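In: Fold the following.
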Amino acid sequence: MDRSSKAVISQVLADSVTPLLKRHGFDRRGRTYDRARDGRRELINVQPNKWNNRYGGSFTINLGIFIPEVDSIVSLYPLQAPPQEPECHIRCRIGDVGPDGRMRDDKGADAWRGWRAFDAQTDLSAFGAEVRQWVERNALGFFDKMSTGAGMLARLRRYPMPADWVGLREVVLAAYAGEPTLAQECLDVVVAKASPGPNRILREAARVAGRLGLACPAPTDEPALTAVFRVAADTTPQDRYSAFYHLENKFSQYVALLRTVLPVQDAAQLYHTAECTSLACTVTFYGANPEDLLDRLRRAFERLSELFAEITWQVNPAAPRRAAISDVVP
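Out: Sure, this is the predicted structure:
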């Protein structure tokens, strides 16, 4: 009998986990199980330890809930394929969930609490039964708790309110769960903890607030440059999704590079935003001279022209000018 870590995990899943989850409406994709529930997707992902070997190893389980209504606000473009666990809006390790499905107060306190280990002497029948019970009580219990607005709000209130991008996601989750007062409190924390002066977090906070009807200070910085990337009308939704996310990733990398060569007092004030419609992605840049940005970005992104039917660049003549720099192309 093959007792390699890969074989053991496969056997435990096939014998103990898959039958249980199939009875509860889950489909299996590799080591990920998912099901539709009330318009959302609930995911269970089995993650092997990267140090596993032929003598034994361990694995943990990641839990995720993907909510289309939340995704429509926090994402660049609607997801066009079944979600993966990292794309979920509510995520946790099974070790941070108790046997009643409730989140533990000491979430993250013990990094190894959510791992199950095995070796050549492990009784796989008993081990499989333990894992099955673990999934049934903790994972399925967690999804039951998160299936109501009250359960989602209890999770949000259980821990300190986060800042930055995670905090903005929690703002939207609170509003989705039906508690605008908590959503406003979360948003206030994000704004208070953001870096002073204009930056992407504050602008994104204002955008989210506008979508949800919350109060947020309006950004005061003027855009320097706007670029519109338009795909052909016959481009498939999946190809649009891929093109727009590839574009956003490239701009994020390039803006990080520009911060090292352009004269900005605070690097966070040189940033970009991106918003997509069905056929176009509009990228707006802040915090630098339009002329310093235009030539560099236009040359850098010419190579992406084959992905788009049209690319246009527009300088904002009202943008404030900063000190001139030498013509150094990064």
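
In: Poorly predicted segments of the stretch 201-330 of the chain, please.
Out: Low-confidence regions of the stretch 201-330 of the chain, defined by pLDDT under 70, span residues 322-330.

In: Helices along that one, start to end?
Out: Counting by DSSP state H, counting those that start in this stretch, residue ranges of the helices within the stretch 201-330 of the chain are 237-258, 290-300.

In: Adding distance to S16 and mean neighbour count, write these out as CSV.
Out: Glycine gets a C-beta too; all of them are placed from N, C-alpha and C. Shown next, in CSV, are those (distance: least, Cβ to Cβ, whole Å; neighbours: other Cβ atoms under 10 Å):
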stretch, distance to S16, mean neighbour count
helix 237-258, 35, 16
helix 290-300, 52, 17
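
In: Now render those helices as a markdown table, adding distance to A109.
Out: Shown next, in a markdown table, are the helices of the stretch 201-330 of the chain (distance: least, Cβ to Cβ, whole Å):
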| stretch | distance to A109 |
| --- | --- |
| helix 237-258 | 32 |
| helix 290-300 | 45 |
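
In: Mind checking those helices for the one nearest to L270?
Out: helix 237-258 (6.3 Å; Cβ to Cβ).

In: Format the CA atom coordinates belonging to the closest one as CSV.
Out: This file holds the C-alpha atoms of helix 237-258, laid out as CSV (Å, rounded to 0.1, in the frame of the first residue of the first chain):
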residue,chain,number,x,y,z
PRO,A,237,-16.3,37.7,-20.7
GLN,A,238,-13.5,35.4,-19.6
ASP,A,239,-11.0,37.0,-21.9
ARG,A,240,-12.1,40.5,-20.7
TYR,A,241,-11.6,39.4,-17.1
SER,A,242,-8.1,38.1,-17.9
ALA,A,243,-7.1,41.2,-19.9
PHE,A,244,-8.3,43.6,-17.2
TYR,A,245,-6.7,41.8,-14.3
HIS,A,246,-3.5,41.4,-16.3
LEU,A,247,-3.6,45.1,-16.9
GLU,A,248,-4.2,46.0,-13.3
ASN,A,249,-1.3,43.8,-12.1
LYS,A,250,1.1,45.4,-14.6
PHE,A,251,0.1,48.9,-13.6
SER,A,252,0.6,48.0,-9.9
GLN,A,253,4.1,46.8,-10.6
TYR,A,254,4.9,49.8,-12.8
VAL,A,255,3.6,52.4,-10.3
ALA,A,256,5.7,50.8,-7.6
LEU,A,257,8.7,51.2,-9.9
LEU,A,258,7.8,54.9,-10.7
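
In: who's in contact with that helix?
Out: With Cβ atoms under 8 Å, 6 or more residues apart in numbering as the test, helix 237-258 has contacts from 76-81, 229, 231, 235, 270-272, 274, 276, 278-279, 281, 283, 285, 288, 293, 296-297, 300-301, 304, 307-308, 330.

In: from those, which would you call buried?
Out: 77, 79, 229, 231, 235, 270-272, 274, 276, 281, 283, 285, 288, 293, 296-297, 300-301, 307-308 (16 or more other Cβ atoms under 10 Å).

In: ok now stretch 36-49, how far from the chain's centre?
Out: Put simply, stretch 36-49 sits 15 Å off its chain's centre (Cα atoms, centre = their mean, to the nearest Å).

In: Could you pull out the strands in the stretch 201-330 of the chain for me?
Out: Secondary structure of the stretch 201-330 of the chain, counting by DSSP state E, counting those that start in this stretch: strands at 223-230, 271-276, 280-286, 310-315.

In: Tell me the helices and strands packed up against the first one.
Out: Here strand 223-230 is seen to pack against helix 237-258, strand 280-286, helix 290-300, strand 310-315 when contacts are counted using 3 or more Cβ pairs under 8 Å, 6 or more residues apart in numbering; DSSP states H and E.

In: Fine by me, thanks again.
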